[in-house]
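Undergrad: give me a 3D structure for the following:
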Amino acid sequence: MENKLNPWAAIGVALLYLIFVFASCFIGFLHPVCWAYFSVVAAILGAGPYFWLAARWQKFGVGTVCALLVVLFCAVTGEAGGLLSRGLILGGGILADIVRLLVGNNSRKALYCAYPLLAVGNIGWVIRLWSDKQWYYEGAIEEMGQVYADGIEKLQTPGHLVAVIVLTAAVAILGIWLCARTDKKSAKLLA
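TA: Prediction:
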């Protein structure tokens, strides 16, 4: 099957990925757990745009571009500040592309291996919750109030960080599986 990538459609779908990641952050207003675990929601929402792009762009760069869009958005809006945060987000995208290249850019199996890395990279958005606990706690008090900050403090354990990573990766794999089952047109483009 001919594999032609319409550049305007690709830009639109890449921006849709960014919108889904950003929109996932909004659930954080509901509860501290929703904020700490936002990447799980982002993983399921972002799977569709990633799957569509990866099926049509069977070269290095899909994960890198998606991650770069998130990093640039964070830089422009003042979100996810710091080298660690942005490095994790962009590193997840680059690592996803490296893994995809090694497994096979035209392989559906590669997406099951690569997309979880991109999705886990988005944890960089909130990594300071675990890497700079006091700063995060004080910021939560200022922005959301004492009760919310106390909820954040309970989540600042290594166990929660591991849980976020594992759940994000698992949901990313589920997202790719769902896309492969529902987006037949894109799935046909992959081996």
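
Undergrad: drop to CA atoms for contacts and neighbour counts, all remaining ones
TA: Will do.

Undergrad: name the element residue 18 belongs to?
TA: When secondary structure is defined by DSSP states H and E, residue 18 falls within helix 7-25.

Undergrad: also residue 116?
TA: Per DSSP H and E, residue 116 falls inside helix 108-121.

Undergrad: would you mark the buried spots in the helix or strand just after that helix?
TA: Counting by DSSP H and E, the element after helix 108-121 in chain order, helix or strand, is helix 128-131. Counting neighbours by 16 or more other Cα atoms under 10 Å, one finds that the buried residues in helix 128-131 are 128, 129, 130.

Undergrad: before we move on, what SS does the closest residue to residue 168 other than its chain neighbours have?
TA: Closest residue to residue 168 apart from its sequence neighbours, by Cα to Cα, 6 or more residues apart in numbering: residue 40 at 4.4 Å. Each residue gets one of three states, and residue 40 gets helix by DSSP: H, G, I helix; E, B strand; the rest coil.

Undergrad: so what's the residue count around residue 40?
TA: By the measure other Cα atoms under 10 Å, the count of residues near residue 40 is 26.

Undergrad: next, work out how far apart the residue nearest the centre of the chain and residue 37 are.
TA: Centroid check for the chain by Cα atoms, centre = their mean gives residue 119 as the closest residue, at 3.2 Å. Between residue 119 and residue 37 the distance is 12 Å, computed by Cα to Cα, to the nearest Å.

Undergrad: again, but for residue 148
TA: As judged by Cα to Cα, residue 148 and residue 37 stand 15 Å apart.
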